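K.L.:
next one to model:
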Amino acid sequence: QVRLVESGGGLVRPGDSLTLSCGASRDILKVDTMAWYRQVPGTERELVASITNDGLTKYAEFVQGRFTVSRDNAKNTANLLMTSLKPEDTAVYYCNADRVVYALDDGRVITVVNRWGQGTQVNVSS
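P.N.:
Model (predicted):
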């Protein structure tokens, strides 16, 4: 199995910046669209930003101009640069990949869809 692993969360002050990173738990061959979601307890998970393997990006209106999503196709990783953070950005941030292709040790190629990370907590507070 392959998992996504997020890192970079933490406690910051309003106006600060933070970069989240997402990678896979093992070497992978290809990953299609990668996305960042966030969730506050008691609410639904919401899309923050996404990026295709061609570099096309999409952002939620509430982060336009503040957050930047990027990816490294050679490493199959994605980052989320968050600037001008606000208290309402406090949430657990999750990485998602809509399709991941990887090879088993015996050479078989496996495709899995809709992979999620375990989430990383971001707290914005003064």
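
K.L.:
which parts of stretch 8-20 are buried?
P.N.:
Neighbour-count burial for stretch 8-20 flags Gly8, Gly9, Val12, Leu18, Leu20 (criterion: 16 or more other C-beta atoms under 10 Å). Where C-beta positions appear, they are placed from N, C-alpha and C, glycine not excepted.

K.L.:
likewise for stretch 60-73?
P.N.:
Quick answer for stretch 60-73 (16+ other C-beta under 10 Å): Val63, Phe67, Thr68, Val69, Arg71.

K.L.:
hmm, back to that, need the max-distance pair from the buried residues of stretch 8-20.
P.N.:
Within those, Val12 and Leu20 form the most distant pair, 11.7 Å apart (C-beta to C-beta).

K.L.:
quick check: neighbours shared by these two?
P.N.:
Here Val12 and Leu20 share the contacting residues Val122, scored by C-beta atoms under 8 Å, 6 or more residues apart in numbering.

K.L.:
ok, and the closest non-adjacent residue to the residue most central in space within the chain?
P.N.:
Residue closest to the average C-alpha location in the chain (C-alpha atoms, centre = their mean): Cys95, at 3.1 Å. Closest residue to Cys95 apart from its sequence neighbours, by C-beta to C-beta, 6 or more residues apart in numbering: Cys22 at 3.4 Å.

K.L.:
hang on, the earlier thing: so of the buried residues of stretch 8-20, which ones are in strands?
P.N.:
Mapping the buried residues of stretch 8-20 onto strands (DSSP state E) picks out Val12, Leu18, Leu20.

K.L.:
going by distance to Ser126, which of those residues wins?
P.N.:
Val12 (9.9 Å).

K.L.:
which strand runs longest in the chain?
P.N.:
strand 91-103.

K.L.:
ok, and what's touching the helix or strand that comes right after it?
P.N.:
Downstream of strand 91-103, the first helix or strand assigned by DSSP states H and E is strand 109-116. With C-beta under 8 Å, 6+ apart as the test, strand 109-116 has contacts from 1-4, 29, 94-104.
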